[in-house]
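> Got a sequence here, can you model it:
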Amino acid sequence: MNRGFLLFLVGRRLWQLLPIVVFATFIVFLLLHLVPGDPAATLAGDYATRERIEEIRHLYGFDKPLVVQYLTWLWQVLHADLGRSLLSSAPVLDLIGQRLPNTILISTYALVIAAAVGIPLGVLAATKSGSRLDELVTGVASLGVALPSFWLAILLVANFSLKLNWFPATGAAPITTDPAGAIEHATLPAIALAVGIIAELARQVRSALIEVLNAQYYRTLRAKGLSPYAMLWKHGLRNVSVTLLTILGLQVNRLFSGAVVIEAVFAIPGAGSLVAYSAINKDFPVVQGVVLVLVVIVILVNLLVDVLNAMLDPRVAYA
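The predicted structure follows:
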């Protein structure tokens, strides 16, 4: 695939995804303003007069129509300004910059664990299709999909932190100054996030690989006497790589949504806990800023998956 076509593919995907960013942020903006309660009253305090509340509403632009408020925010975003927190007056970009690395760390860690465990399980189940081992992997995968991540997180804390004292129960360490401590703090949260993805990966890889193993060309290669392991790695997994990458890309959104709960259980100062706290306290600029950044990250990951899929299978680029 030449560079020009690759740039065309990236540009086309970005153009297609741009409306998704606008739509997602507008829906979140609308839902936030439909939540009962007045942020101006929250800022003014319990004993504020009506005049003071109206003054704050005018100061922050809450008295303007919702569409005008959203377009004003969008114009600021185009100038790299996500506004300031209503509660702390700190720049939203600074708050996100402080919290987002912790969320990215546990999400990336969880994805690595899921890929390292889920893919081999799926391959093992597919190559032993119909056996007791296949039934065991399939049953465990079904259980893993059904397990609530917050319940699993509580069990992990109770056993590996409080009982065995192997890992910290709460908090986080900066990856830049204390990499070992950051990995140690992120291990249990990453495992709690990874279990459901492991189960999903194992099921999807098993299904896709069984289809390849039963294909006519694969049976022809087997009849020619090729090594089963060479056939599996060179032909089997290569043909399911597009499906595998797509599944991994789709899990990024699941990781960020699950991080909200996991960060609450482990008291991690991440983007998930930040958006939850800000939503409860009606800190609209922070919620909007975090949602925008997470949506952009998900879109960039999906774009990367599209590019890799197109490199593996050029037919995908024309879809």
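> wait, Trp166 sits on Phe160?
Yes. The pair Trp166 and Phe160 passes the contact test of C-beta atoms under 8 Å, sitting 4.9 Å apart. Where C-beta positions appear, they are placed from N, C-alpha and C, glycine not excepted.
> Those two: who's more crowded?
Per other C-beta atoms under 10 Å, whichever of Trp166 and Phe160 has more neighbours is Phe160, with 17 against 11.
> so that one makes contact with Phe167?
Yes. Shown here, Phe160 and Phe167 form a contact pair, counting by C-beta under 8 Å, at 5.3 Å.
> overlap in contacts of those two?
Contact criterion C-beta atoms under 8 Å, 6 or more residues apart in numbering; residues shared by Phe160 and Phe167: Leu188.
> Summarise which helices and strands the helix or strand that Leu18 is a member of is packed against.
Taking DSSP states H and E as the criterion, Leu18 maps to helix 3-34. Judged by 3 or more C-beta pairs under 8 Å, 6 or more residues apart in numbering; DSSP states H and E, helix 3-34 is in contact with helix 66-78, helix 284-312.
> Select, out of these, the one closest to Leu87.
helix 284-312 (7.9 Å; C-beta to C-beta).
> now the helices for this structure?
3-34, 39-44, 50-60, 66-78, 92-127, 132-146, 149-156, 179-213, 216-223, 228-231, 237-265, 271-280, 284-312 (DSSP state H).
> how about those in TSV, adding distance to Ser85, mean pLDDT and mean neighbour count?
Formatted as TSV, those follow (distance: least, C-beta to C-beta, whole Å; pLDDT from 0 to 100; neighbours: other C-beta atoms under 10 Å):
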stretch	distance to Ser85	mean pLDDT	mean neighbour count
helix 3-34	14	76	13
helix 39-44	11	73	19
helix 50-60	12	78	14
helix 66-78	14	85	14
helix 92-127	6	87	21
helix 132-146	37	80	15
helix 149-156	27	84	17
helix 179-213	25	84	22
helix 216-223	57	63	12
helix 228-231	56	62	12
helix 237-265	18	78	20
helix 271-280	8	84	21
helix 284-312	5	81	20
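> And Phe62, how far from Arg50?
14 Å (C-beta to C-beta, to the nearest Å).
> a markdown table for the helices of the chain, including distance to Ala173?
Below are these laid out as a markdown table (distance: least, C-beta to C-beta, whole Å):
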| stretch | distance to Ala173 |
| --- | --- |
| helix 3-34 | 31 |
| helix 39-44 | 33 |
| helix 50-60 | 36 |
| helix 66-78 | 31 |
| helix 92-127 | 9 |
| helix 132-146 | 28 |
| helix 149-156 | 18 |
| helix 179-213 | 3 |
| helix 216-223 | 48 |
| helix 228-231 | 41 |
| helix 237-265 | 14 |
| helix 271-280 | 16 |
| helix 284-312 | 22 |
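> any chance of the helices and strands packed on helix 3-34 in TSV, plus distance to Val212?
TSV is the format used below for these (distance: least, C-beta to C-beta, whole Å):
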stretch	distance to Val212
helix 66-78	45
helix 284-312	14
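> show me the contacts for Val195.
So Val195 contacts Gly144, Leu147, Ser149, Leu152 (C-beta under 8 Å, 6+ apart).
> hmm, 7 Å instead?
Gly144, Leu147, Leu152 (C-beta atoms under 7 Å, 6 or more residues apart in numbering).
> Kindly report the same for Trp151.
Neighbours of Trp151 in contact, by C-beta under 7 Å, 6+ apart: none.
> how does this protein divide into domains?
Domain assignment of the chain by automatic domain parsing yields the ranges 3-78, 96-318.
> any idea how far the closest residue to Leu294 other than its chain neighbours is from Gln288?
Among residues not flanking Leu294 along the chain, Phe256 sits closest, at 5.2 Å (C-beta to C-beta, 6 or more residues apart in numbering). Phe256 is 16 Å from Gln288, where distance means C-beta to C-beta.
> Quick check: chain neighbours aside, which residue is closest to Thr187?
Phe167 (5.5 Å).
> Alright, that wraps it up for me.
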